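Student: All I have is the shape, not the residue letters:
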């Protein structure tokens, strides 16, 4: 790995009260000593205790640049396990860049994106899954995503992966030892023991893989598409959820011609909402394009919110919508409940049941005009996606698609082990697939991963982290 000393601005590049410049490497403290002068005393940073803060000024030669606080952290008890300096300066863009320039002139190079965290990984300060959790914390979009990322940073995923690897490695070592020394290590009765252990590992892997869909939605939000006939109240619903008039609302059917996208938090749950054109047969070319886009977005949605004007009878357009969303998780809003009702909950349930056996349907009476029934949406979303509750405290959610792929590969390998056991294949067949599972899990924590993959992961980090 590179051992030179790096530096970067660690805070956002905008005018602010405080900005932080980070330096890391063997020469970090010496570089800081060349540009830092303590006020009213001749003090060298290399002589001070670790994890102390010092007041003074940053100089470029004899020219003062800024009044600062300097944090000194000596290896190995630092984020990167290298000597680290953090300069807390005034947060103006000009002054921050001037301080960084003088640091670079005195023996540092500009850090690459994510290089501080990459060094923490390469110096065994954190494993790869924890490093990725750092970036997930920075980009958290809601409370649950933040909690899940914090749990991963604490080791929820890596501890589980290491535990599974230990169990797998034990079986690999036992098989290899028995094959090498059959006189002293017997495989008699081992078949049943390995089958029980492999089944247990497979169940745990499957649970982790299955958590990935919910984990992704907790992290990125649930892709939610609002569909319905024109003038059913879709745009009014969007405006109500967002809290402002984002969509034009009129009594004229077909006002919405294109999609509108908004991200909201519904009691902590992230919803990426797309309001679409009303789905109906139309001769208007522009409206027709909007309808086609509505169908396309509906096909790729995690959740469909189907808005029905309950004051009007269902027709062929409703049937087309129901066919389109039959296999999806659906919340049906019987809107305009403040008017005389023509469509009932049983009408919707009956027609949806005829089209499919989809049980992932919730039906709610609403009135966007009177703000009635909207609060029930949160409970309906939780029931459809999170079994009625969201708990990050004890559950492990896989939120990283790279982790999901590795876990799926490990699970498939364990299925091969079980199949080989069923067919009573030679023991070395078990060992091969156990090794594949062990290696796949190792990629999650960075013990079985190529350098180019590591580089690709850290290139996605922001500068200064």
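Tutor: In hand now; what should we look at? The model shown is predicted, which means the values in this text are computed figures rather than measured ones.
Student: so where's the stretch 201-350 of the chain uncertain?
Tutor: For the stretch 201-350 of the chain, the stretches with pLDDT under 70 are 243-259, 267-268, 277-290.
Student: how does it look with 90?
Tutor: Where the stretch 201-350 of the chain drops to pLDDT under 90, the residues are 211-350.
Student: now the helices: where do they sit in it?
Tutor: Assigned by DSSP state H, counting those that start in this stretch, the stretch 201-350 of the chain shows helices spanning 234-242, 285-299, 316-324, 345-355.
Student: so which of these is the most packed in?
Tutor: Counting by mean count of other C-beta atoms under 10 Å, helix 234-242 has the highest mean neighbour count of the helices of the stretch 201-350 of the chain, with a mean of 22. From N, CA and C alone the C-beta is placed, and that goes for glycine too.
Student: Contact partners for residue 57?
Tutor: By C-beta atoms under 8 Å, 6 or more residues apart in numbering, the contact set of residue 57 is 36, 37, 39, 64, 65, 66, 67, 68.
Student: Repeat that for residue 424.
Tutor: residue 191.
Student: my hunch is that it is in a strand, does that hold up?
Tutor: No: membership of residue 424 in a strand is not supported by DSSP: H, G, I helix; E, B strand; the rest coil, which gives coil.
Student: Okay, it and residue 102: tell me how far apart.
Tutor: Per C-beta to C-beta, to the nearest Å, residue 424 is found 72 Å from residue 102.
Student: Could you give the secondary structure assignment for the most far-flung residue of the chain relative to its centre?
Tutor: What lies farthest from the middle of the chain is residue 183; by C-alpha atoms, centre = their mean that is 51.2 Å. In three-state terms, and counting by three-state DSSP, residue 183 is coil.
Student: Check residue 88 too.
Tutor: Residue 88 ends up strand, using three-state DSSP.
Student: Between the contacts of residue 57, which sits nearest residue 201?
Tutor: Among those, residue 68 lies closest to residue 201 (C-beta to C-beta), at 53.4 Å.
Student: Look at the closest one and say how many residues are nearby.
Tutor: 21 (other C-beta atoms under 10 Å).
Student: For the spatially closest residue to it that is not a sequence neighbour, give me its contacts.
Tutor: Spatial nearest neighbour of residue 68, chain neighbours left out: residue 89 (4.8 Å); criterion: C-beta to C-beta, 6 or more residues apart in numbering. By C-beta under 8 Å, 6+ apart, the residues touching residue 89 are 18, 19, 20, 21, 58, 66, 67, 68, 95, 96, 99.
Student: let's go with 10 Å and repeat that
Tutor: 9, 11, 18-21, 58, 65-70, 95-96, 98-100 (C-beta atoms under 10 Å, 6 or more residues apart in numbering).
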